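Engineer: Return atomic coordinates for the entry below.
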Amino acid sequence: MSREPLVGGLPVEEVALWHRVRRFAVPRWMIEGATAARLAGDWRAACAAAAVDVALDPARIGAAHGDAGRDAAEADLAHLAPDLLRWHLPRALVAGTMLMGGRVVLLARYGGGGHEREHGYGREHRHEPGSPASYLVARTPPAWDAPQRPVLDFVAADDPGLRRAYLVDDWTAARHFWDARHAPQLRAWCGGAAGRLPFFRADGTPLGARELPDTEPGPADPAAMEEWIAVLQARGDTVGAFTAAGVEVDPATWALPARWGPGQPEAIVSALPLDLPRIVRELPRLIAAGYAARFRLPGTYRGDVVLEAAGPGAGAALRAQVTSYTSTGATVPGMVWRRAPDLQLVRTGRLAPEELHPLVAAALFPAAGPAAGPPGPASVLEPVRVRCRGECHLVGFRDGELRIPHSAREQQREQALTAFGGAVSGCFAVRRAWATGQGRLPRALRPLRREVFERARHGDTPGIDALLAAGLDPAVRDPESGDTLARMLERLAPGAG
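Structural biologist: Residues are numbered from 1 along each chain as shown. The predicted model follows:
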């Protein structure tokens, strides 16, 4: 894989992490089980299949909002795709592939005459007549290293859990992330409303670098215009990119403390993987809906990007500036301003369209045919070659044991040498590294060990069972945490160890 980021793409390291998320966080069996239950009309069984815990009671919704509110909520629950929700939930990529801990995601809003908000996109207080607003929400686990089981709940707008704005993501205007009825809208969300997706041909295959525009194509080709904006961003032309996207900018007004040095505001902007066209599509709509009048994109410790309407009226353009860190304005969730990871994975060839979530693939790549989701583990664990005492030996798994081609006497002699402080090498070093997490495994075995523990972290016990059935030695230890496989399964998927 290239170490250079794609034009209009995410940082290379982030793409690699998203590849692991997509391979292991929402396995195929989970998608199939949740989909079958949803299509059968059993949303609770769908949640159970997708490892989503349910803490709500429709009767409580009816008590708060009457029959109409309860019926609306039950209609949403009937079309809830909990596996799709899990697919899109925010990830703590700095900690690997796990769900971002302690987040509250607002899925749908019921009751209330207006927006009563100290959370999500906005901090505005607008109290209007009507029943108090309540929300269908998904809570992520309390910490990134907790069992990966989100909780589906129903809370009032004044719930204490919604008071910390930086921990609340508002998806009420982005139902395509969780509602099967709206899943096809993901294509428009990604800029593919007219003809083709940006950076892809009409048949869904990725464009080459030489096929991107080198001059402004004009508004007649919206996808090419999005590509041109990304080209300007890749060139470091921050002002040109914002201007081409229709955002007013005046770098002379970008003020940061002098200690950051000249040119630093532009560096803050260029370091962010901004999807400027989506920002321009979404923020005016949110402003018009009353979410907030001023938005901040969390930059770095050096400063933030702030966007607001440049004038009155629904058709006003956006104005952008860079300031020192500010707590004013509504924080825009990453799913609005960051580039879509699934598109980057297909562009880089890390995933094929058929390996995406079926609802995602149908929206983004309809010409690619039906998708089944991420592939499961290999049914056969091939042996690997190891240099041992000047020879090339085959080391492999069989019947739950890492087998090495050495006699019992040779193994006893190696154990004795090790007990007296002798160096371990060759096949014996491989077996020791597998069991202790210390030392270097052969390059061919490292992805397998990573897969074992990624599946364990995400509670994929069927995947682990399949690897064990293929002969995997369960006496493996995670080099990062020091956990054994059984210990990690017991902690993250209680009862499965």
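
Engineer: Look through this protein and tell me its longest helix.
Structural biologist: Criterion DSSP state H: the longest helix present in the chain is helix 58-78.

Engineer: Any chance you could list what contacts that one?
Structural biologist: Residues outside helix 58-78 that contact it (C-beta atoms under 8 Å, 6 or more residues apart in numbering): 41, 43, 107-108, 110-111, 131-132, 134, 136, 154, 156, 179. Bear in mind the C-beta positions are built from the backbone N, C-alpha and C, glycine included.

Engineer: same thing but 7 Å
Structural biologist: 41, 43, 108, 110-111, 131, 134, 136, 154, 179 (C-beta atoms under 7 Å, 6 or more residues apart in numbering).

Engineer: Just the strands from the stretch 151-300 of the chain, written as ranges.
Structural biologist: 151-156, 168-170, 247-249, 294-300 (DSSP state E, counting those that start in this stretch).

Engineer: repeat for the stretch 351-497 of the chain
Structural biologist: Going by DSSP E, counting those that start in this stretch, the stretch 351-497 of the chain shows strands at 384-388, 391-398, 401-403.

Engineer: Tell me which of the ones you listed approaches P377 most closely.
Structural biologist: Relative to P377, the nearest member of these by C-beta to C-beta is strand 391-398, separated by 12.2 Å.

Engineer: In PDB, please show the C-alpha coordinates belonging to that closest one.
Structural biologist: Provided in PDB are the C-alpha atoms of strand 391-398 (Å, rounded to 0.1, in the frame of the first residue of the first chain):
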ATOM      1  CA  GLU A 391      17.400 -24.900   7.700                       C
ATOM      2  CA  CYS A 392      13.900 -23.900   6.500                       C
ATOM      3  CA  HIS A 393      11.200 -25.500   8.700                       C
ATOM      4  CA  LEU A 394       7.400 -25.400   8.300                       C
ATOM      5  CA  VAL A 395       5.500 -24.300  11.500                       C
ATOM      6  CA  GLY A 396       1.700 -24.600  11.600                       C
ATOM      7  CA  PHE A 397      -1.400 -25.200  13.600                       C
ATOM      8  CA  ARG A 398      -3.100 -28.600  14.000                       C
END
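
Engineer: Centre of the chain to it, how far?
Structural biologist: Mean C-alpha position of strand 391-398 versus that of the full chain (C-alpha atoms, centre = their mean, to the nearest Å) differs by 37 Å.

Engineer: Could you export the contacts of helix 58-78 as TSV, including secondary structure, distance to M30 and pLDDT?
Structural biologist: Putting the contacts of helix 58-78 into TSV (DSSP: H, G, I helix; E, B strand; the rest coil; distance: C-beta to C-beta, whole Å; pLDDT from 0 to 100) gives the following:
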residue	secondary structure	distance to M30	pLDDT
G41	coil	19	97
W43	helix	15	97
A108	strand	23	95
Y110	strand	28	90
G111	coil	33	80
S131	coil	36	66
S134	strand	29	90
L136	strand	21	95
F154	strand	24	93
D179	strand	18	98
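
Engineer: tell me the two of those residues that are most distant?
Structural biologist: G41 and S131 (27.9 Å).

Engineer: Just want to know which of those two has more residues nearby.
Structural biologist: Neighbours per residue (other C-beta atoms under 10 Å) separate G41 from S131, with S131 holding more: 14 against 9.

Engineer: Just the buried residues of stretch 67-87, please?
Structural biologist: Buried positions in stretch 67-87, judged by neighbour count with 16 or more other C-beta atoms under 10 Å: 69-70, 72-73, 76-77, 80-87.

Engineer: Ok, which of the strands of the stretch 151-300 of the chain comes nearest G437?
Structural biologist: Nearest of the strands of the stretch 151-300 of the chain (C-beta to C-beta): strand 151-156, 32.2 Å.

Engineer: Okay, angle between the closest one and helix 58-78 too, please.
Structural biologist: Interaxial angle, strand 151-156 versus helix 58-78 (axes from the mean of the first three to the mean of the last three C-alpha atoms, to 10 degrees): 120 degrees.

Engineer: Skipping adjacent residues, who's closest to L441 in space?
Structural biologist: A433 (4.9 Å; C-beta to C-beta, 6 or more residues apart in numbering).

Engineer: what about that neighbour, how many neighbours?
Structural biologist: 21.

Engineer: Which pLDDT value belongs to it?
Structural biologist: According to the prediction, A433 has pLDDT 94.

Engineer: Let me see the contact set for it.
Structural biologist: So A433 contacts 439-441 (C-beta under 7 Å, 6+ apart).

Engineer: which of these has the most neighbours?
Structural biologist: Busiest of those [other C-beta under 10 Å] is L441, holding 21 neighbours.

Engineer: how about that one, phi and psi?
Structural biologist: phi -80, psi 160 (degrees, to the nearest 10).

Engineer: Verify the stated contact: it with V430.
Structural biologist: Yes - if you go by C-beta atoms under 7 Å, L441 and V430 touch, sitting 6.4 Å apart.

Engineer: Out of the strands of the stretch 351-497 of the chain, which gets nearest to E451?
Structural biologist: Of all the strands of the stretch 351-497 of the chain, strand 391-398 comes closest under C-beta to C-beta, at 13.1 Å.

Engineer: Flag the shaky bits of the stretch 301-450 of the chain, pLDDT-wise.
Structural biologist: 301-302, 325-328, 419-422 (pLDDT under 70).

Engineer: Let me see the ranges of the helices in it.
Structural biologist: Along the stretch 301-450 of the chain, the segments classed as helices by DSSP state H, counting those that start in this stretch run 334-337, 341-347, 358-364, 408-419, 426-436, 446-457.

Engineer: give the contact list for G369.
Structural biologist: So G369 contacts E354 (C-beta under 7 Å, 6+ apart).

Engineer: that older thread, any chance of the strands of the stretch 351-497 of the chain in a markdown table, with distance to V424 and mean neighbour count too?
Structural biologist: Supplementary listing: those in a markdown table, determined by distance: least, C-beta to C-beta, whole Å; neighbours: other C-beta atoms under 10 Å:
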| stretch | distance to V424 | mean neighbour count |
| --- | --- | --- |
| strand 384-388 | 11 | 16 |
| strand 391-398 | 14 | 15 |
| strand 401-403 | 14 | 17 |
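
Engineer: Mind putting the ones you listed into TSV with distance to R294?
Structural biologist: Output for those, formatted as TSV (distance: least, C-beta to C-beta, whole Å):
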stretch	distance to R294
strand 384-388	57
strand 391-398	58
strand 401-403	59
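
Engineer: For stretch 465-482, measure first residue to last.
Structural biologist: Its first and final residues considered, stretch 465-482 spans 21 Å by C-alpha to C-alpha, to the nearest Å.

Engineer: I'd like the numbering to begin with 401 instead of 1 from here.
Structural biologist: Yes, from this point I'll number from 401; that puts the last item at stretch 865-882.

Engineer: What residues of that stretch count as buried?
Structural biologist: Burial within stretch 865-882, assessed by neighbour count using 16+ other C-beta under 10 Å, is assigned to 866-868, 871-873, 876-879.

Engineer: Among these, which one lies nearest to V639?
Structural biologist: P879 (46.0 Å).
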